[in-house]
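K.L.:
Return a 3D structure for these sequence lines:
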Amino acid sequence: MFWNRKKKTDEESVENTKDIAFDDEIKDVAESEATEYEMTEFEKTEPEKTEPEKTEFEKIEPEMPDVENTDDDIENVSESIEDKIEKTLNANLDEVQEKAEVKKGFFTRLVEGLTKTRNNIVSGIDSIFNGYSSIDDELYEDLEEILIMGDIGIKATEEILESLQAKVKERRIKDPAECKSLLIESIKEQMKIEDTAYRFENEKSVVLVVGVNGVGKTTTVGKLAGKLKSQGRKVVLAAADTFRAAATEQLKEWSNRAGVEMIGANEGADPGAVVFDAIQAAKARNTDVLLCDTAGRLHNKKNLMEELKKINKIIDREFPDAYRETLVVLDGTTGQNALSQAKQFAEVTDITGIVLTKMDGTAKGGIAVAIQSEMGIPVKYIGVGETIDDLQKFDSDTFVNALFDVREEM
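P.N.:
Modelled structure (predicted):
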């Protein structure tokens with residue numbers, strides 16, 4: 001009995017020991033799983049560490065050296081930052097000053113170029129304002145004669161004088177000498193152009209440049225290419241003036257100067273085929289602006305105009321999504337003949353802007369006012385010399401100030 005009881009007790013003890021061992025094992029597993037579960041949840045909820053976005057100032061700030069935060073180290077870093085900022089500001093200032101010098105130089109050349117026009121128009125205007133003691137109809141009649149004789153044109157002259165009379169009445173001007181500044185203001189108003197006049201510079205565009213031989217058409221194309229390239233635009237030239245001897249060679253020289261590609265053909269080739277090839281090249285190269293030089297003279301006027309119609313159809317068909325700009329180049333020394341040429345080209349193509357060349361010595365600079373008023377087409381560029389910088393965007397304030405030699409701060 002004792003043995004049986006002891007044996008039973010020993011068996012119970014063993015079972016209890018097994019139970020305790022099993023319980024300990026379950027506890028260890030549970031704790032391990034709990035720990036693993038907790039780590040997983042922590043990893044899931046922990047936010048990703050990302051670098052904060054740098055400000056514009058931090059983008060130009062030089063990298064900080066890995067140094068201890070001593071006074072000398074901080075001072076060195078501060079000086080490095082100041083040097084970087086100073087260099088950036090100086091570079092921007094030099095660029096602004098350079099542009100101001102170019103503008104000032106162009107204004108000076110324009111003043112000199114318009115000397116003959118100024119002597120032809122402004123001297124007569126000054127004699128009227130200084131010679132009259134009162135403002136009457138006779139004064140306005142004399143002004144009208146001076147302006148028309150200066151190639152400003154009948155329509156523009158009438159509109160300018162109507163504006164002048166309204167200003168004199170509104171401001172109750174009595175002294176004729178005070179009318180000069182009002183006259184200048186009225187002429188500027190006649191020549192204002194819209195802000196969208198140079199839209200083709202910023203869009204994928206085809207610019208067709210037309211004009212008779214001898215006006216500086218090919219030279220204008222080359223200068224425009226240089227200006228657009230300097231603005232970061234990708235330009236291709238089309239040498240479609242295949243009827244003038246050496247026209248392609250002349251444009252090739254300008255393309256080399258500007259660093260742009262030119263598509264051309266042999267003398268006498270079909271201009272429409274050249275434009276077609278140039279369009280395909282422009283699209284393949286993802287070109288921003290395609291500049292097309294065109295023939296200025298064929299066998300007769302009819303052939304010239306028919307050729308332009310053909311080129312326009314090719315552009316419309318092959319490059320319908322491109323913004324269209326058509327510039328007519330006119331010789332500023334020809335006066336009213338320039339206006340007649342512009343009207344003839346407007347009959348066969350949609351003229352969107354005018355380029356006046358050879359304004360450095362003409363006595364007929366008033367034609368710039370007449371063309372814009374008569375045709376409602378803005379003068380967009382004006383040329384006073386042979387270099388690229390001698391072709392500038394037309395600004396009515398600059399032109400009229402140069403015409404009257406009014407010096408304003410550049």
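K.L.:
for Ala225, helix, strand, or coil?
P.N.:
helix (DSSP: H, G, I helix; E, B strand; the rest coil).
K.L.:
With Lys380 instead?
P.N.:
Put simply, Lys380 is strand when judged by three-state DSSP.
K.L.:
Equivalent analysis for Thr349, please.
P.N.:
Under three-state DSSP, Thr349 comes out as coil.
K.L.:
Distance check, it against Asp142.
P.N.:
Using CB to CB, to the nearest Å, Thr349 is found at 40 Å from Asp142. Using the backbone N, CA and C atoms, a C-beta is placed for each residue, glycine as well.
K.L.:
cool, Asn130 as well?
P.N.:
12 Å.
K.L.:
now Ala281
P.N.:
Here the criterion is CB to CB. By it, Ala281 lies 57 Å from Asp142.
K.L.:
again with Met375
P.N.:
Distance, Met375 to Asp142, by CB to CB: 27 Å.
K.L.:
Likewise for Gly332?
P.N.:
Look at Gly332 and Asp142: by CB to CB, they are 26 Å apart.
K.L.:
Which one of those two is surrounded by more residues?
P.N.:
Set side by side, Gly332 and Asp142 show more neighbours around Gly332, with 31 against 17, by other CB atoms under 10 Å.
K.L.:
correct me, but the more buried one touches Gln341?
P.N.:
No - Gly332 is not in contact with Gln341 according to CB atoms under 8 Å; the separation is 11.8 Å.
K.L.:
Following element in sequence after the top strand by length along the chain, please.
P.N.:
Identified as the longest strand of the chain according to DSSP state E is strand 323-331. On the C-terminal side of strand 323-331, the closest following helix or strand by DSSP states H and E is helix 336-346.
K.L.:
what angle sits between that following helix and strand 323-331?
P.N.:
Helix 336-346 and strand 323-331 meet at an angle of 150 degrees, taking axes from the mean of the first three to the mean of the last three CA atoms, to 10 degrees as the criterion.
K.L.:
So which residues of the stretch 201-350 of the chain form strands?
P.N.:
Remark: strands assigned in the stretch 201-350 of the chain by DSSP state E, counting those that start in this stretch are 205-210, 235-240, 261-263, 289-294, 323-331.
K.L.:
Now render those as TSV, adding mean pLDDT.
P.N.:
Rendered in TSV, the data for the strands of the stretch 201-350 of the chain read as follows (pLDDT from 0 to 100):
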stretch	mean pLDDT
strand 205-210	97
strand 235-240	97
strand 261-263	97
strand 289-294	97
strand 323-331	96
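K.L.:
Can you lay out those strands as TSV showing mean neighbour count?
P.N.:
Formatted as TSV, these follow (neighbours: other CB atoms under 10 Å):
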stretch	mean neighbour count
strand 205-210	24
strand 235-240	27
strand 261-263	20
strand 289-294	28
strand 323-331	23
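K.L.:
With Val406 as the reference, name the closest of those.
P.N.:
strand 323-331 (25.0 Å; CB to CB).
K.L.:
these two touch, right, Gln280 and Leu290?
P.N.:
No - look at Gln280 against Leu290 with CB under 8 Å: they stay out of range, at 10.5 Å.
K.L.:
what about stretch 241-256, distance to the chain center?
P.N.:
Averaging C-alpha coordinates over stretch 241-256 and over its chain gives two centres that are 26 Å apart (CA atoms, centre = their mean, to the nearest Å).
K.L.:
Kindly export it (C-alpha atoms) in PDB.
P.N.:
Output of stretch 241-256 as PDB, limited to C-alpha atoms (Å, rounded to 0.1, in the frame of the first residue of the first chain):
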ATOM      1  CA  ASP A 241      15.100  82.600-102.200                       C
ATOM      2  CA  THR A 242      16.500  80.300-104.900                       C
ATOM      3  CA  PHE A 243      16.200  82.900-107.800                       C
ATOM      4  CA  ARG A 244      18.700  85.500-106.600                       C
ATOM      5  CA  ALA A 245      22.300  84.700-107.200                       C
ATOM      6  CA  ALA A 246      24.300  84.000-104.000                       C
ATOM      7  CA  ALA A 247      21.200  84.300-101.800                       C
ATOM      8  CA  THR A 248      21.700  80.800-100.400                       C
ATOM      9  CA  GLU A 249      25.400  81.400 -99.800                       C
ATOM     10  CA  GLN A 250      24.600  84.700 -98.000                       C
ATOM     11  CA  LEU A 251      22.100  83.000 -95.700                       C
ATOM     12  CA  LYS A 252      24.500  80.100 -95.100                       C
ATOM     13  CA  GLU A 253      27.000  82.600 -93.800                       C
ATOM     14  CA  TRP A 254      24.400  84.100 -91.400                       C
ATOM     15  CA  SER A 255      23.400  80.600 -90.200                       C
ATOM     16  CA  ASN A 256      27.100  79.900 -89.400                       C
END
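K.L.:
mind listing what's buried in that stretch?
P.N.:
For stretch 241-256, burial by neighbour count (16 or more other CB atoms under 10 Å) applies to 241-244, 247-248, 250-252, 254-255.
K.L.:
And for stretch 130-147?
P.N.:
So stretch 130-147, judged by 16+ other CB under 10 Å, has buried residues 132, 135, 139-140, 142-144, 146-147.
K.L.:
average pLDDT for it?
P.N.:
When pLDDT is averaged over stretch 130-147, the result is 93.
K.L.:
What of stretch 214-225?
P.N.:
Mean predicted confidence for stretch 214-225 is 94.
K.L.:
neighbouring contacts of that stretch?
P.N.:
Contacts to stretch 214-225, defined as CB atoms under 8 Å, 6 or more residues apart in numbering, come from residues 207, 209-211, 235, 237, 241, 247, 250-251, 253-255, 257-258, 260, 291-294, 296, 327, 329-331, 355, 357-358, 381, 383, 386, 388, 390-391.
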